[in-house]
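1. predicted structure and sequence below. I'll ask about it afterward.
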Amino acid sequence: MRATELSELAAFAAVARHKSFRKAGEERGVTASAVSHAVLNLEDRIGIRLLNRTTRSVSLTEAGELLISHLDPALGEMAAALDALNRYRDTPFGKVRINVPNSIGPFVIGRIIGPLLKENPNLQLEINATDRLVDIVEEGFDAGIRFGERVTEGMIALRIKPRIRLVVVGSPAYFETRPKPATPHELKRHLCIQNMFPSGARYAWEFEKDGQTVSFQPTGPLSLDDHELMMQAALGGVGLAYIWEPRVEKAVAGGELIQVLDDWCQPEEPLYLYYPSRRHMSAGFRAVIDAMKAE
């Protein structure tokens, strides 16, 4: 088999996996048009249409479904064969793609990036930080980081961090004209920044103390889906923010923000690095796992 034919098959497999030329191109490090051209060449060469294309979607034809059912295992075996050679290398190499929530990314994975790449100069680390729920298999990631309750069933999960919590903070200027809340019920008298998911849905502020749970839905004039912006808004005196504690620790310690309702803010579920299978695990991915364990 010629190299061009193998490249065409790999391009088709990427499109079949993502149902998108753009995402397939991102995975392969080429443009969407290059992927489309490779698949068209494959279809012309074999004389069979493999994909249904519209302006809005891409789907597999019956012939495409048949081809990918045979092609996926074969490409997996080829990847495993190449990875088996890693034992003869001094350091891990290749690309590792990790998905991590944007709101917690800096203090979950940020500190390992420098040492990991310094120790493994042939490693390419690609980190996608988004609070959108991502299917790591469909979108071609090696692993993801999530809280325990959001890890997809059947995944291998490795606990990687102590439990962290969301806390309520406001600026000294804000509290000059308003009393500090003593219980979550008093938040209704405050300006509270609304937390949004990337979908636009708002999520409640959750509190617990001595077996009592309180769910508070803010109705303030500002809604944000980015925790850095929430912190900046709180620093500017816009209102109270419900934000990850590690993100505001320095501001609280320096007196720029005041933390309230501390005894009502409980740790969230543990964080996990999760991935589909140990089969075909590359040396580069093993290096990432070892770094996360050490951290």
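-> Happy to help now that I have it. Bear in mind that the values here come from a model prediction, so they are computed numbers and not experimental data.
2. distance-wise, check Thr213 relative to Phe207.
-> According to Cβ to Cβ, to the nearest Å, Thr213 and Phe207 sit 7 Å apart. Every C-beta, even on glycine, is put in place using the N, C-alpha and C of the backbone.
3. Met78 now?
-> Using Cβ to Cβ, Met78 is found at 52 Å from Phe207.
4. who has more neighbours out of these two?
-> A count of neighbours by other Cβ atoms under 10 Å puts Phe207 above the other of Met78 and Phe207, at 22 against 12.
5. what's the burial count for Pro92?
-> With neighbours defined by other Cβ under 10 Å, the count for Pro92 comes to 21.
6. hmm, it is touching Ala283, no?
-> Yes - with contact defined as Cβ atoms under 8 Å, Pro92 reaches Ala283; the gap is 3.9 Å.
7. in the one helix or strand Ala13 maps to, which residues are buried?
-> Element membership for Ala13 (DSSP states H and E) is helix 3-18. Across helix 3-18, burial judged by 16 or more other Cβ atoms under 10 Å covers Ser7, Glu8, Leu9, Ala10, Ala11, Phe12, Ala13, Ala14, Val15, Ala16, Arg17, His18.
8. switch these over to CSV; also include pLDDT and distance to Pro162.
-> Below are those laid out as CSV (pLDDT from 0 to 100; distance: Cβ to Cβ, whole Å):
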residue, pLDDT, distance to Pro162
Ser7, 88, 45
Glu8, 90, 47
Leu9, 91, 45
Ala10, 90, 41
Ala11, 91, 43
Phe12, 93, 44
Ala13, 92, 39
Ala14, 90, 37
Val15, 92, 41
Ala16, 91, 40
Arg17, 89, 35
His18, 89, 35
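9. would you reformat the residues you listed as TSV and include distance to Asn52?
-> Listed next are these as TSV, based on distance: Cβ to Cβ, whole Å:
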residue	distance to Asn52
Ser7	22
Glu8	18
Leu9	19
Ala10	20
Ala11	17
Phe12	13
Ala13	17
Ala14	17
Val15	11
Ala16	12
Arg17	16
His18	15
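10. so which elements touch the longest helix along the chain?
-> Taking DSSP state H as the criterion, the chain has its longest helix at helix 62-84. On a contact count with 3 or more Cβ pairs under 8 Å, 6 or more residues apart in numbering; DSSP states H and E, helix 62-84 meets helix 3-18.
11. and whichever helix or strand comes after the helix it packs on, what does it pack against?
-> Next in sequence after helix 3-18, counting helices and strands by DSSP H and E, comes helix 21-28. Contacts defined by 3+ Cβ pairs under 8 Å, 6+ apart place helix 21-28 against helix 3-18, helix 32-46.
12. and of those helices, who's closest to Phe147?
-> Smallest distance to Phe147 across the helices and strands packed on helix 21-28 (Cβ to Cβ): 25.4 Å, for helix 3-18.
13. thinking again about what came up before, report the buried residues of the longest helix of the chain.
-> Buried residues in helix 62-84, counting neighbours by 16+ other Cβ under 10 Å, are found at Gly64, Leu67, Ile68, Leu71, Leu75, Asp83.
14. residue contacts, the fourth one?
-> Taking Cβ atoms under 8 Å, 6 or more residues apart in numbering as the contact definition, Leu71 lies against Leu9, Phe12, Ala13.
15. point out where the stretch 51-200 of the chain drops to low pLDDT.
-> Along the stretch 51-200 of the chain, segments meeting pLDDT under 70 span 83-84, 86-91, 149-150.
16. domains in the protein, by residue range?
-> If you go by the TED database, the domain ranges for the chain are 3-85, 91-162+270-294, 166-267.
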